[in-house]
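>>> turn this into a structure:
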Amino acid sequence: MAAKAMPLHLLSSFSSNNSQLKFSNVKISFTTSSKTLRVQCLKRSIRTGKQRYPSEKKKLRRIKRENPISEIENKDEGFWRLSKLGVVVHKDPGKDYLGICDGLLEAIAKVLEFPVSTMLPAEPFTVVRKSFDARKLLKVPKFVYTVDMDVKKLLDLEPRTWDFISQLEPKVGLIEHMLQERDSGDLISVINNAKKNHNLQTKTKPKIAVVGSGPAGLFASLVLAELGADVTLIERGQAVERRGRDIGALVVRRILQTESNFCFGEGGAGTWSDGKLVTRIGRNSDSVMAVMKTLVHFGAPENILVDGKPHLGTDRLIPLLRNFRQHLQDLGVTIKFGTRVDDLLVENEQVVGVRVSDATNELHADSQNLRYDAVVLAVGHSARDVYEMLVPYNVRMVPKDFAVGLRVEHPQELINNIQYSALATEVRKGRGKVPVADYKVVKYVDNVNNGETTKSRETSRSCYSFCMCPGGQVVLTSTNPSELCINGMSFSRRSSKWANAALVVTVTSKDFDALNLHGPLAGVEFQREFERRAAAMGGGSFVVPGQTVEDFLNNKLSETSLPSSSYRLGVKAAKLHELFPTHVTEALQHAISMFERELPGFISRDGLLHGVETRTSSPIQISRDGDTYESVSLKGLYPIGEGAGYAGGIVSAAVDGLYAGFAVAQNLGLYEGGIESVLGKARKSTGFVKY
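Now for the predicted structure:
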């Protein structure tokens, strides 16, 4: 870097003697006699080149494509976004602190090349993102920040910073200039602003049924109700209060309510889960931020807007859903809990309503027909009977790739030690300075070359961890007493002594064909096959088959006592290596061997595998028009969310629901403006959850 002249008015702020200031990435030397400042750049601990994650490389390519760097004319206006600001643990107040600490000011000063961080006021800076990075390639674990800098406010409080701001240049992924601060607001305020800007006056009040009260259904209902539709929200399960009692009966007395359980009920399958809000459809996009701020509006803590890996936990989701429900009812939405959709009403190849019955009545004796102008289908990935209901109407559905596998559980203390080493003592059951340790691993195993690992995604099968729940527990997600399926969940503190995650392998139509399963519901039958096998291995009563990680790799039954587990309905030693087809098992085994290299200790006698995890995402996709969100084969039907194959988690399902809500409103004359003018262009999701 070329030497820079030190402005004379700044020299008075420093010592009159020849001095040298040292930072981790710059060394600044200056002399009062020569009135000059020399800056020498040292090596920075920033991932570059091959060290970057594939997701980081993809993001950088997209940023370069969408935001080509150009000359900034007015650097003293607007905001600068500073990313990847590292603060070592001992200089940071900890994971729960979201303000501007002295350590962060030091990191900001390094980017600005400002000599004395204590001269920087905290007020002009706002934390946009905060995450924790303890990867082994780093010498010291650190908190990583993204910060917005209000230039006008900074210059008002500290005019001497102008000489350094004037030298700032955009750097892809590190420094970005914005004329306006990004602030989309929550969805309710966004819709109200849209109504003002477009001067909307509802002439008609179309009747719309939204089937399913998961994230997609809730957000679609919110948009439609705010825009003036007469919305009926139909949910086969129960409201969260009663649903909690039904789940309690399952966990304590083994009584499975087939319509109210871990999968069905208010909030969808994500309610009794970790409440993970991580998404890969653009964390900073207007639509994602609108969803996050809407959750805050209904009671979520504000730290989800900043946390690099935001999560809510079931204990926070329950009151949030009650608030969401009350708002919908205040808008006039009719909510029918415990109501199952048994059939569609179709006239002239168009849906005109639904046939419903009391979900607690297995005989369907009290069914009634309800007529609507449109039906939004947001049923989630476990409503297999709904998929079957669509077949006679020739609704176009296609099998979709998904993943199956096992859920692995370790003592949380072991994962903390693997990931943090000496820093593990700072976890303190979720109340410490650093987050409870998690992990995310992925390998691509060659289908042809005897299961050897490969870097080629085109000729390989993906094996990866999914839905990792630090400080969590393993729970039963079966919807049929003859089938067994499990998942993981956590409360907000993540204070359990166990850590669990799904270890899964991608499966495709070739795998379905091998079992002589064909047609649009082949993936559904594939799931059922292995859920029934797992139930038989466990011996019934929702006992799960189990095997130590070490024994699974060696193809042997765990003959000694199994490690303790958070799963409360019992674990029985079984040959899990015989559960899946050989190629799936071998892919899992090779991947686990590779995981050990990244997580030393992962293969241990304390590691316990449970079977089976099959509902990672929807096994089908219901074809729809990309602009109108309407089924391509049946008018008046709008398939949305994870169950329709267009999302892969709470946030992506909610985003799909809100865009679908605008599309339906536009189709029915409730909204005339372009959807993209409100929340930007929707990023299409395949619904296949993958690392």
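>>> low-confidence stretches in the stretch 351-500 of the chain?
Along the stretch 351-500 of the chain, segments meeting pLDDT under 70 span 364, 447-459.
>>> all strands for it, in order.
Under the criterion DSSP state E, counting those that start in this stretch, the stretch 351-500 of the chain contains strands at 368-371, 374-377, 397-399, 402-411, 442-446, 453-454, 460-469, 473-476, 486-489, 498-507.
>>> and the nearest residue to residue 382 once chain neighbours are set aside, how many neighbours?
Sequence neighbours aside, residue 263 is the residue nearest to residue 382 in space, at 4.2 Å (criterion: CB to CB, 6 or more residues apart in numbering). In short, each C-beta sits where N, CA and C put it, glycine included. Using other CB atoms under 10 Å, residue 263 has 24 neighbouring residues.
>>> doesn't residue 263 belong to a helix?
No. Read with DSSP: H, G, I helix; E, B strand; the rest coil, residue 263 is coil and lies in no helix.
>>> who's in contact with it?
Taking CB atoms under 8 Å, 6 or more residues apart in numbering, we find residue 263 in contact with 269, 380, 382, 477, 479, 615.
>>> how about the helices in the stretch 51-200 of the chain?
Listed in chain order, the helices of the stretch 51-200 of the chain (DSSP state H, counting those that start in this stretch) span 54-66, 102-112, 151-157, 162-165, 187-198.
>>> which one of these lies closest to residue 348?
Residue 348 lies closest, by CB to CB, to one member of the helices of the stretch 51-200 of the chain: helix 187-198, at 32.1 Å.
>>> quick one: the closest one to chain centroid distance?
Offset of helix 187-198 from its chain centre (CA atoms, centre = their mean, to the nearest Å): 26 Å.
>>> list the buried ones in that helix?
Under the neighbour-count criterion of 16 or more other CB atoms under 10 Å, helix 187-198 has 187, 188, 190, 191, 194, 195 buried.
>>> list the residues that contact the nearest residue to residue 465 once chain neighbours are set aside.
Take residue 465 and drop its neighbours on the chain: the residue closest to it by CB to CB, 6+ apart is residue 501, 4.6 Å away. By CB under 8 Å, 6+ apart, residue 501 lies in contact with 407, 408, 439, 465, 466, 467, 468, 469, 488.
>>> got TSV for these, with neighbour count too?
Shown next, in TSV, are these (neighbours: other CB atoms under 10 Å):
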residue	neighbour count
407	28
408	24
439	17
465	20
466	21
467	20
468	22
469	30
488	28
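>>> what is the burial count for residue 238?
Around residue 238 there are 23 other residues, counting by other CB under 10 Å.
>>> same question for residue 167.
By other CB under 10 Å, the residues close to residue 167 number 11.
>>> hang on, it packs against residue 113?
Yes. With contact defined as CB atoms under 8 Å, residue 167 and residue 113 form a contacting pair (7.1 Å).
>>> quick one, helices of the stretch 501-650 of the chain?
Using DSSP H, counting those that start in this stretch, the helices of the stretch 501-650 of the chain run over 509-514, 522-538, 549-553, 582-598, 650-667.
>>> state the mean pLDDT of the longest one.
In this case it means helix 650-667. Helix 650-667 shows a mean pLDDT of 95.
>>> how far does it sit from the chain's center?
From the chain centre to the centre of helix 650-667 is a distance of 17 Å (CA atoms, centre = their mean).
>>> what's the following helix or strand after it?
Using DSSP states H and E, the next helix or strand after helix 650-667 towards the C-terminus is helix 676-679.
>>> could you list the low-confidence segments of this protein?
For the chain (pLDDT under 70), the answer is 1-71, 181-183, 198-203, 364, 447-459, 674, 683-691.
>>> which residues sit in contact with the residue nearest the centre of it?
Using CA atoms, centre = their mean, the residue of the chain that lies closest to the mean C-alpha position is residue 278, 2.7 Å off. Listed by CB under 8 Å, 6+ apart, the contact set of residue 278 reads 309, 310, 311, 649, 651.
>>> quick one on the thing from earlier: now the helices of the stretch 501-650 of the chain as JSON lines including mean neighbour count?
Formatted as JSON lines, the helices of the stretch 501-650 of the chain follow (neighbours: other CB under 10 Å):
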{"stretch": "helix 509-514", "mean neighbour count": "15"}
{"stretch": "helix 522-538", "mean neighbour count": "21"}
{"stretch": "helix 549-553", "mean neighbour count": "22"}
{"stretch": "helix 582-598", "mean neighbour count": "19"}
{"stretch": "helix 650-667", "mean neighbour count": "28"}
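>>> now do the SS call for the residue nearest to residue 190 when sequence neighbours are not counted.
Setting aside the residues directly before and after it, residue 190 is nearest to residue 290 in space (CB to CB, 6+ apart), at 5.5 Å. Of the three states, residue 290 takes helix according to three-state DSSP.
>>> contacts only, for residue 290.
184, 185, 186, 187, 190, 658, 679.
>>> and with 6 Å instead?
Neighbour list for residue 290: 184, 187, 190 [criterion: CB atoms under 6 Å, 6 or more residues apart in numbering].
>>> now render those residues as TSV, adding distance to residue 671.
Output for the contacts of residue 290, formatted as TSV (distance: CB to CB, whole Å):
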residue	distance to residue 671
184	18
187	14
190	12
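>>> between the residues you listed, which sits nearest residue 329?
residue 187 (17.0 Å).
>>> please report how far the closest one lies from residue 655.
Separation of residue 187 from residue 655 (CB to CB, to the nearest Å) stands at 10 Å.
>>> all good on my end, thank you.
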